[in-house]
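# here's a sequence, model it:
(one chain, ligands or ions: 2)
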Amino acid sequence: MQEIQVKRTTAPKSKPDPATLLFGKQFTDHMFLMDYHAGQGWHDARIVPYGPFSLDPSCMVFHYAQEVFEGLKAYRTPDGGVQLFRPDQNIKRMNNSCERMCIPAIPEDLFLEALKQLVSLERDWVPSQSGTSLYLRPFVIATDANLGVHASHSYIFAIICSPVGSYYPEGINPVKIYVENDDVRAVRGGTGFAKCGGNYAASIRAGQRAEELGYSQVLWLDGVHRKYIEEVGAMNVMFQIDGKVVTPSLSGSVLPGITRKSCIELMQHWDLPVEERLLSAEELFSAAESGKLDEAWGTGTAAVVSPIGELAWNDRKVTVSGGKIGSLTQKLYDTLTGIQWGLLPDEFGWTVKVC
Ligand code: PLP
Ligand code: COI
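Ligands and ions are numbered 1, 2, ... in the order given. Just a heads-up that it's a prediction; the model follows:
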C-alpha cells in the first residue's frame, strides 16, 4: 500500500460552538487527496490543508457529472476516543458506484487507511455533544479537460470532514414527508443504486416544491409505474403496518443504505422479521387511513433514524403515531446511536476504532 504524505496546516481554524452545529456548513483543517491517471493508477495519496481546487473549466465533472460520493461519520466515544461505523460498507458501496460511473475503483485498504489517518489528525474536530459527530464525505470527480462524452482518464479522490449536528432542523422530532407524483429520481438500469451527484441534481426541483408546501423531503415513487414507494431524498424508509415492518426492496433504483441494512439486522436480531418488498403508496395510505400504520421512519447516515410524523399524497394527508416518535423508531435510534457513540456494546463488530 502506498504511503500517505502529510502536510499540516500552518493556519488552524477556530472550532465551531458544538451547541450550534448544523449539517455540512463548516469544514476541518485538512483533507485527503489522491490522483488517478490512466497508465499510472491511483497515486500521490496525501493529507493537505483544506482548500479550493484549481480545475480547468472544461473538466468532465462540470459538464457530464462523472462523479460519485459517500457519507459516513466519526463518533466520539465516552473514553474520549473516536470510532467509525461500518466504513467497510461505505468503501464497498463507493466502489460499486464507481463501477456504474466507469470510474476506477479505489483500493479498499488505502481508502480505509486514508479515513483513519485523516480522522486521527482531525480528532479535535470530532464533537462530543449528544447528537453530534464528524461527517466524512469521500468523493471522486472526473478531471479530464475534454468536452467529449467518454469516461475520463484522470480523477481526483478527496475526503473532506465536517462537524455536524442533526440533518433536519427538527432533530429527533418527526418530519413531514410529501409523496411526489410527477418527477422521478431514478429508474432501474439508471443510477439510482449508485451514490452519484446526478441523482441528487434530479431531485432538487421536487424537494424545493415540497419545502414550499412545508414538507422536509420528498418520498419518491418508482419511475415506471409511479406507484411503489422507493425512498426519501436522503434516507431509506421503513413502515410498521399492522405490527409488521415493511421496507421497499432494493430494486436497483433505490440506494442500498447502510443504516437501512443495520436497522434490518438489528430487528432480525430482535426476532422482528422485516419484509423487503414492493409497497404501493395506495397500500401505505389505506393502512394509515384505517389505523394500521403504527410507525414510519427514515434511515440514513446524515438523518440517522428519523421519525416521520406526517405523510401527504395528492389530497390525502395522514398523521403517523399521533405525530410523535413511535416506540420501535425510538428503540432503533437508541440502539444504533448507542453503538455508534460507544454507549452500548458493539455485538456485531460494526465499529472501527481510530484513536
Ligand atoms: N437514500 C439516499 C438517496 C441517500 O442519500 C441516503 C444517504 O446516504 C440514504 C438513502 C441512506 O443511506 P445510508 O444509510 O447509507 O447513509
Ligand atoms: C448521507 O446520509 O450520508 C447522505 O449522503 C445524505 C446527503 C445527501 C445529505
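
# how much space between residue 92 and residue 118?
Distance check for residue 92 against residue 118: by Cβ to Cβ, to the nearest Å, it reads 19 Å. Yep, even glycine has a C-beta here, placed from its N, CA and C like the rest.

# SS state for residue 209?
The three-state assignment at residue 209 reads helix, by DSSP: H, G, I helix; E, B strand; the rest coil.

# all numbers from here: first residue = 15
Fine by me, first position is 15 from now on; the one you just mentioned is residue 223.

# please report the number of neighbouring residues for it.
15 (other Cβ atoms under 10 Å).

# just to revisit the earlier point, settle it for me: which of residue 106 and residue 132 has more neighbours?
residue 132 (25 against 15).

# which strand or helix spans the more buried one?
Taking DSSP states H and E as the criterion, residue 132 maps to helix 122-135.

# which strands or helices does that helix pack on?
For helix 122-135, the contact count by 3 or more Cβ pairs under 8 Å, 6 or more residues apart in numbering; DSSP states H and E identifies strand 44-51, strand 55-63, strand 96-99, helix 101-114, strand 147-156, strand 168-178 as packing neighbours.

# that helix and ligand 2 in contact?
No - on the criterion Cβ under 6 Å from any ligand atom, helix 122-135 is out of touch with ligand 2, staying 13.9 Å away.

# over to stretch 196-203?
No - using Cβ under 6 Å from any ligand atom, we find that stretch 196-203 stays clear of ligand 2, coming within 11.9 Å at best.

# which one, of the helices and strands packed on helix 122-135, ends up nearest to ligand 1?
Set against ligand 1 and scored by Cβ to the nearest ligand atom, these come closest in helix 101-114, at 7.1 Å.

# just want the angle from that closest one to strand 168-178.
140 degrees (axes from the mean of the first three to the mean of the last three Cα atoms, to 10 degrees).

# how about the residues of the protein by ligand 2?
So the chain meets ligand 2 at 85, 248, 314, 315, 316 (Cβ under 6 Å from any ligand atom).

# look at the fourth one and say how many residues are nearby.
What it means is residue 315. 22.

# can you list the low-confidence ranges for the protein?
For the chain, no stretch has pLDDT under 70.

# what helix or strand is residue 320 located in?
Short version, using DSSP H and E: residue 320 is in strand 318-327.

# could I get the buried residue list for the following helix or strand past that strand?
Sequence order places strand 330-333 as the next helix or strand after strand 318-327, per DSSP H and E. Neighbour counts over strand 330-333 (16 or more other Cβ atoms under 10 Å) mark residue 332 as buried.

# just checking: what are the partner strands of strand 330-333?
strand 318-327 (antiparallel) (DSSP bridges).

# only C-alpha atoms, please: export the strand it pairs with in CSV.
Extracted in CSV, the C-alpha atoms of strand 318-327 (Å, rounded to 0.1, in the frame of the first residue of the first chain):
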residue,chain,number,x,y,z
VAL,A,318,-29.8,8.6,11.5
VAL,A,319,-33.2,7.2,12.4
SER,A,320,-35.7,9.9,11.7
PRO,A,321,-39.4,9.5,12.7
ILE,A,322,-42.0,10.5,10.0
GLY,A,323,-45.0,12.3,11.6
GLU,A,324,-47.0,13.2,8.6
LEU,A,325,-47.3,11.9,5.0
ALA,A,326,-49.1,13.7,2.2
TRP,A,327,-50.1,12.3,-1.2
